[in-house]
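*Asks:* can you look at this prediction? I've put the sequence above it.
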Amino acid sequence: MQLVSNQPFAGLEEFVVENEPLARFTWYKIGGPARYLIRPRSVEELQEAARRCVEANIPIYVLGLGANLLVADRGVDGAVFRFSEEYWRQIAFNGTTLTAGSGVDMQKLLVRTIREGLSGIESLAGIPGTVGGGVRMNCGGKFGDIGSVVSTVTVMDPHGQVFTRTKEDLVFDYRKTNIVAPFILGATIELEEEDPHQIMARTKEIWMYKRNTQPLNTKNCGCIFKNPRGLSAGALIDQSGLKALRVGQAEVSSKHANFIVAHPGCTSEDVLKLVHIIKERVFEKSQVVLESEVKIWPI
Ligand SMILES: Cc1cc2nc3c(=O)[nH]c(=O)nc-3n(C[C@H](O)[C@H](O)[C@H](O)COP(=O)(O)OP(=O)(O)OC[C@H]3O[C@@H](n4cnc5c(N)ncnc54)[C@H](O)[C@@H]3O)c2cc1C
């Protein structure tokens, strides 16, 4: 919906809309609207919109491809930023160094690097998302994670100050980083030269593994829970007899118990209830407290 004047974002109507449904921007395709959806086309527009959020005390959210996200049915009473415009989707190669904007689709990036004969991000095969979301989550798995090849990350604080974090002070841990700035604007990644056929063969192997073990052709948000140290959340859920458990139109995947699949008509509430039940049952059975990997909005 277009903005009306005298709003906190008056004058920014070209890239700010109000009460915009978020479901279509998430992998799950469920969830309510954002009070404001902001799609800046430059750093200056981002700075101006962020400044208005601080001034009006509007909570800031940043959305990538929504592949690790569950938005509540009531939506988000805040400003949701998306780096979907051309400016944030640029890719540049300088020798074996790759610079990518935060809005770059990781799967497209992987294909580009293979074509260029540069290896290093094959572990991202089958992981949907943007570079910004990937860095924020330090996405990856048994084949490696993005943090191991990232050398710098450009970020912006809520006051509009842009700065670059380097490898020396960046910490990438299991599905998290030490980046606290709300906006990741881009990253540089160090790759290695290799025969494209070999990179492609390895990528295909990883992709096949994912296809065989994850319910990829369903609506889901990847793993719902983090693996507790030394344990597998999926195995714990399976051992609790919860595969195929259903609440409304949300179902624990029979293929991978750490995935909750949304069937047609599913609501976020269905998923949240199922998350709650899984946590309770796994605790009863194994005395392990599962921690969510999926980000749930509002925070
Ligand atoms: C089928 C499927 C398979 C998956 N497999 C894996 C897997 O194997 N390994 C794995 O790690 N994950 C996996 N995931 C989860 C998901 O793909 C990753 O977490 C991915 O990094 C999410 O990126 P995104 O751009 O969609 O981020 P979103 O889901 O949109 O956001 C995730 C978090 O990142 C933040 N964020 C996003 N962009 C920015 C930005 N520019 N600046 C600051 N913060 C930002 C958001 O605020 C949010 O907190 C899978 C998901 C699906 C649907």
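*Replies:* In hand now; what should we look at?

*Asks:* near the ligand, which residues of the stretch 1-150 of the chain?
*Replies:* Neighbours of the ligand within the stretch 1-150 of the chain, by C-beta under 6 Å from any ligand atom: 27, 61-69, 83, 102, 127-130, 132-134, 136-137, 139-141. Just so you know, the C-beta spots here come from the backbone N, C-alpha and C atoms, and that holds for glycine as well.

*Asks:* mind doing that once more with 5 Å?
*Replies:* Counting by C-beta under 5 Å from any ligand atom, the residues of the stretch 1-150 of the chain close to the ligand are 27, 62-69, 102, 127-130, 132-134, 136-137, 139, 141.

*Asks:* return the subset of those lying in helices.
*Replies:* With helices taken from DSSP state H, the overlap with these comprises 132, 133, 134, 136, 137.

*Asks:* from the residues you listed, pick the one nearest residue 75.
*Replies:* Nearest to residue 75 out of these is residue 133 (C-beta to C-beta; 19.6 Å).

*Asks:* and for that closest one, the neighbour number?
*Replies:* Using other C-beta atoms under 10 Å, residue 133 has 26 neighbouring residues.

*Asks:* what about the nearest residue to it once chain neighbours are set aside, distance to residue 258?
*Replies:* Nearest residue to residue 133, sequence neighbours excluded (C-beta to C-beta, 6 or more residues apart in numbering): residue 64, at 3.0 Å. Using C-beta to C-beta, to the nearest Å, residue 64 is found at 20 Å from residue 258.

*Asks:* which residues of the chain score low on pLDDT?
*Replies:* Scanning the chain for pLDDT under 70 picks out 1-6.

*Asks:* outline the domain layout of it.
*Replies:* Domains of the chain are assigned by automatic domain parsing as 16-82, 89-213, 233-297.

*Asks:* quick one: closest of the ones you listed to residue 7.
*Replies:* Here domain 16-82 is closest among these (C-beta to C-beta), at 7.2 Å.

*Asks:* and that closest one, end to end?
*Replies:* 10 Å (C-alpha to C-alpha, to the nearest Å).

*Asks:* what separates that domain from the chain centre, distance-wise?
*Replies:* Centre-to-centre, domain 16-82 and its host chain are 14 Å apart (C-alpha atoms, centre = their mean, to the nearest Å).

*Asks:* if we can go back for a sec, how far away is the residue nearest to residue 133 from residue 264?
*Replies:* 24 Å.

*Asks:* who's more crowded, the two?
*Replies:* Ranked by neighbour count (other C-beta under 10 Å), residue 64 and residue 264 place residue 64 first, with 29 against 7.
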